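Q: Got a sequence here, can you model it:
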Amino acid sequence: MTGEMTMRIAAGVIALLALGTALPAAAQAPKIGQLEIRAYQAIPKTKTAVQLTSDSALARNLRREVMIRLARRGNEVGFSGGNVMRMDVSYFDLLGGNDRSTGTIGGWPDYVPPGSNPRPALPSNPVGRRDGLTPSTVGPTLRITLTLYSRDGGKVLWTASGSCMVQAEKSQLAGEAIINRIFDSADKSAVADSGCPL
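A: Predicted coordinates:
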């Protein structure tokens, strides 16, 4: 390798390191119990399609709440057309709940009501560490992320994310609280409390 090649490689590594230190702050999610809104611009008063990234009864119920709040702002809402708001709802319990039999892969999550869409039975494998280390002390967590994309070009116009540590039976209530806090001050960037139920 010549000296010039070595210099180019070193310059490339330094540029990547500089880029890497500038990115993590923008990519981090807010702490549990907090919400963060990034309003690159105010939510336009145009038609907004609210699309779920994953389908569950909890996600559908919370999407309805988002659509209600958008309609109150003067937006026409629907499932297609116009700007697209992607909604990600995730509920996870890394401790497996109080009853260890509920923390399984392939089992029904705690928040699924009777009569939900059926799915094939999968083997129930216990969720947990197999290395003997103490499990995480983080309790069951609900996280909601909303990202609004423009119809023309897919530019991100607005994002919001919030989370609550909450038991399964209160996940709907916690989700509604997060959504209400987000839309109470949706037009400006902010970091605030999620309003999690006690």
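Q: worst-scoring helix or strand of the chain, pLDDT-wise?
A: When the helices and strands of the chain are scored by mean pLDDT, DSSP states H and E, helix 24-27 comes last with a mean of 42.
Q: Next secondary structure after that one?
A: Reading on from helix 24-27 to the C-terminus, the next helix or strand found by DSSP states H and E is strand 34-39.
Q: Show me what that following strand is packed against.
A: Applying 3 or more C-beta pairs under 8 Å, 6 or more residues apart in numbering; DSSP states H and E, we find strand 34-39 packed against strand 156-165, helix 171-184, strand 190-193. The C-beta positions use only the backbone N, C-alpha and C, and glycine is treated the same way.
Q: Now for residue 145, how many residues are close by?
A: Using other C-beta atoms under 10 Å as the criterion, residue 145 is surrounded by 17 other residues.
Q: Direction included, what does the strand or helix carrying it pair up with?
A: Using DSSP H and E, residue 145 sits within strand 141-149. When sheet partners are counted by DSSP bridges, strand 141-149 sits next to strand 83-92 (antiparallel), strand 156-165 (antiparallel).
Q: So what touches that strand?
A: 29, 32, 43, 48, 62, 66, 83-93, 155-166, 171, 174-175, 178-179, 182 (C-beta atoms under 8 Å, 6 or more residues apart in numbering).
Q: at 7 Å what do you get?
A: The contact list for strand 141-149 (C-beta atoms under 7 Å, 6 or more residues apart in numbering) reads 32, 43, 62, 66, 83-92, 155-166, 171, 174-175, 178-179, 182.
Q: Can you show me the CA trace of that strand as CSV?
A: Taking Å, rounded to 0.1, in the frame of the first residue of the first chain, the C-alpha atoms of strand 141-149 are listed here in CSV:
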residue,chain,number,x,y,z
THR,A,141,-43.7,-1.4,27.9
LEU,A,142,-46.1,0.1,25.4
ARG,A,143,-44.4,2.3,22.6
ILE,A,144,-46.2,4.3,19.9
THR,A,145,-44.4,5.9,17.0
LEU,A,146,-46.1,8.1,14.4
THR,A,147,-44.3,9.3,11.3
LEU,A,148,-46.0,11.6,8.7
TYR,A,149,-44.8,11.4,5.1
